[in-house]
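Participant: Next comes the sequence, and after it the predicted model I'd like to discuss.
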Amino acid sequence: MLKGNFFRGLGYLGEGFQLIRQPGLRLFVIIPLVINVFLFVALFYFMALGFDALIAMVMAWLPDWNWLQALDWLFWILYGAVILLMLAYGFVIVANLIGSPFYGYLAELTEKHLTGQEISTDDSWAAIIKDIPRALWRELQKIGYYLPRALVLFVIGLVPVVNLVAALLWFLFNCWMMALQYVDYPADNHRVSFPALRQTLAETRLSALGFGLPVALLAMVPVVNLVVVPAAVCGASAYWVRENGSTIR
């Protein structure tokens, strides 16, 4: 039987958007946000260049008919759809890899703000830099968890009829991954292992899915997904404090 509160989980991202406006948290929201903006622009630009070259190559193969040559607008519409899907989760993965040390500290500051209690972590810039290898390893663990399951769902999606169910499974899985992705930051601050975090979130799966749902939806909206990442980190910290973080060992 699924436990937790789905509707309470839905509210944590909204709380995260409120928290990122707090003066004590803004700096560690702005720094990764600036990084993400440059990343987003660079990724979009180079993908556009590559796709433009691909369109030119395809159009060169087509007969010299005006109506065929006019199809380049259709390719650009398809490009926009592909970009939307690729940026939705690919951008989040890359942004989290780059910003993980900042997000860990943002989660710590958020928890301090919510509880008024100190967390036994060194909060100096030197400590943040020193934590980069561990933070990157943690992100790679999440990617390692995601990829084989995503591959299974991809294969299921190739099977006729069954692929109708696969679409729903894909969405639920992405909601679950968003909860794992961001609650992992406060969990890591408390040195909770990734397997232990998965087990604990599974015990309140409805709350986790409720939290992951709006994050997964907003991750698909260009520009908005730049802001949703730090908001999700703060919302996940609120999740940690109010759900079952205190029961994790």
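Facilitator: Cool, got the structure. All values reported here derive from a predicted model rather than from experimental measurement.
Participant: Sketch out the helices for the protein, chain order is fine.
Facilitator: Per DSSP state H, the chain carries helices over the ranges 6-19, 23-61, 66-69, 72-86, 92-115, 125-130, 132-157, 162-189, 194-203, 205-218, 224-242.
Participant: Next, format these as a markdown table and append mean neighbour count and mean pLDDT.
Facilitator: Every C-beta, even on glycine, is put in place using the N, C-alpha and C of the backbone. Shown next, in a markdown table, are those (neighbours: other C-beta atoms under 10 Å; pLDDT from 0 to 100):
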| stretch | mean neighbour count | mean pLDDT |
| --- | --- | --- |
| helix 6-19 | 19 | 94 |
| helix 23-61 | 14 | 72 |
| helix 66-69 | 9 | 51 |
| helix 72-86 | 12 | 57 |
| helix 92-115 | 21 | 83 |
| helix 125-130 | 11 | 63 |
| helix 132-157 | 14 | 84 |
| helix 162-189 | 20 | 86 |
| helix 194-203 | 16 | 92 |
| helix 205-218 | 23 | 93 |
| helix 224-242 | 25 | 90 |
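Participant: Run the chain-centre distance for stretch 224-233.
Facilitator: In terms of C-alpha atoms, centre = their mean, to the nearest Å, the centre of stretch 224-233 is set 8 Å apart from its chain centre.
Participant: Please read the previous query as pertaining to stretch 181-191.
Facilitator: Worked out by C-alpha atoms, centre = their mean, stretch 181-191 lies 14 Å from the chain centre.
Participant: Over to stretch 136-154?
Facilitator: Centroid separation for stretch 136-154 versus its chain: 12 Å, with C-alpha atoms, centre = their mean.
Participant: same thing with stretch 137-156?
Facilitator: Using C-alpha atoms, centre = their mean, the offset of stretch 137-156 from its chain centre is 13 Å.
Participant: And stretch 223-236, by the same measure?
Facilitator: On C-alpha atoms, centre = their mean, the centre of stretch 223-236 falls 8 Å from that of its chain.
Participant: Assess the claim that residue 179 and residue 214 are in contact.
Facilitator: No: with contact defined as C-beta atoms under 8 Å, residue 179 and residue 214 do not form a contacting pair (10.9 Å).
Participant: Now residue 189: closest residue in space, sequence neighbours ignored.
Facilitator: Spatial nearest neighbour of residue 189, chain neighbours left out: residue 108 (5.1 Å); criterion: C-beta to C-beta, 6 or more residues apart in numbering.
Participant: my guess is the one you found meets residue 188, correct?
Facilitator: No: at 9.7 Å, residue 108 does not count as touching residue 188 under the criterion of C-beta under 8 Å.
Participant: residues contacting residue 224?
Facilitator: Residue 224 makes contact with residue 218, according to C-beta atoms under 8 Å, 6 or more residues apart in numbering.
Participant: Next: the one 5 residues further on.
Facilitator: Contacts here follow C-beta under 8 Å, 6+ apart; on that basis residue 229 touches 32, 36, 92, 95-96, 99, 103.
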